[in-house]
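Enquirer: Below are the sequence and a predicted model for it; my questions follow.
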Amino acid sequence: MHADNWAIKAKQDGYRTRAVYKLDEIVQKTKVLKKAKHILDLGSAPGGWAHYIKQKSKISDVYAIDILDMEPVEGVHFFKKSIEEIDDIELIKSFMGKFDLVISDIAPNLTGISAVDTENIYELNDLTISTASRYLNQKSGSMIMKTFQNNKLKGLRKKMELSFKIVQTFKPAASKKQSGEIFLYGANR
C-alpha cells in the first residue's frame, strides 16, 4: 500500500493517525494484547496508539502521557507531563511494576543536523527503556518503541537486551520506505 493510502485508510477507519497500522502490524505478530490489562503509552499525542489500543482491547486500562496536548480518548487516562515527571503522577505510579505493555511512538523534534538528531533520539529512547523497565511487570511485561536507524541503534538494542529476554526489530509496511524509523519490541515472557 502506498504511504498516502495509509493516511486515507486511517481516516476511513476512524483513526487519528496512520501510525496505528504500524502498531497494529507489531501487535498482530507479537500477540501482546492478548493478556494486557494495564498499558502505558509514553509520548502519546496525538492519541492514535491509545485510541487503537482501547478499540482492540476493551478490557485494558490505558494510561497516556505526553508534553503535548492530546484530544481525549474515551477510557484513556491522559496526563500532560514529560516522561521525567512520571513518578509525580500518583495514578500511574500506583501501577509501577504492574504494567503489561508499554508503547512509545515518541520522537524528538528533528533539527536536520544528523549528529544532534541521533543523540536526541538515543537519549529519548534510553529514557523510554529505563521508564518501561521500572513500570513493566518484570515477569511478563512487553514494550514496543519507535526509534531510528542510526549509528547508536546497536547500543540501544544492547541496552534493551539487558532489560528484556526477547528483543526484535520491526519495519512495518505502513512505515514510509525512505524513513529511517523502525520499531523495537522487547518481552519478558
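Expert: On my side now, so go ahead.

Enquirer: hang on, Tyr52 packs against Arg18?
Expert: No - look at Tyr52 against Arg18 with CB atoms under 8 Å: they stay out of range, at 11.1 Å. All C-beta atoms are positioned from the backbone trio N, CA, C, and that covers glycine.

Enquirer: what sits against the most centrally placed residue in the chain?
Expert: The C-alpha lying nearest the average C-alpha coordinate of the chain belongs to Ser104 (CA atoms, centre = their mean; 1.8 Å). By CB atoms under 8 Å, 6 or more residues apart in numbering, the residues touching Ser104 are Asp41, Leu42, Gly43, Thr128, Ala132, Met143, Ile144, Met145, Lys146.

Enquirer: and the residue located most distally from the centre of the chain, what are its phi and psi?
Expert: Here the chain reaches farthest from its C-alpha mean at Ile113, the gap being 24.3 Å by CA atoms, centre = their mean. Main-chain torsions, Ile113, degrees, to the nearest 10: phi -100, psi 110.

Enquirer: Could you give the bridge partners of Val76?
Expert: Val62 (DSSP bridges).

Enquirer: That one contacts Lys54, doesn't it?
Expert: Yes - taking CB under 8 Å as the definition, Val76 is a contact partner of Lys54 at 5.9 Å.

Enquirer: Common neighbours of these two, please.
Expert: Counting by CB under 8 Å, 6+ apart, the residues touching both Val76 and Lys54 are Val62.
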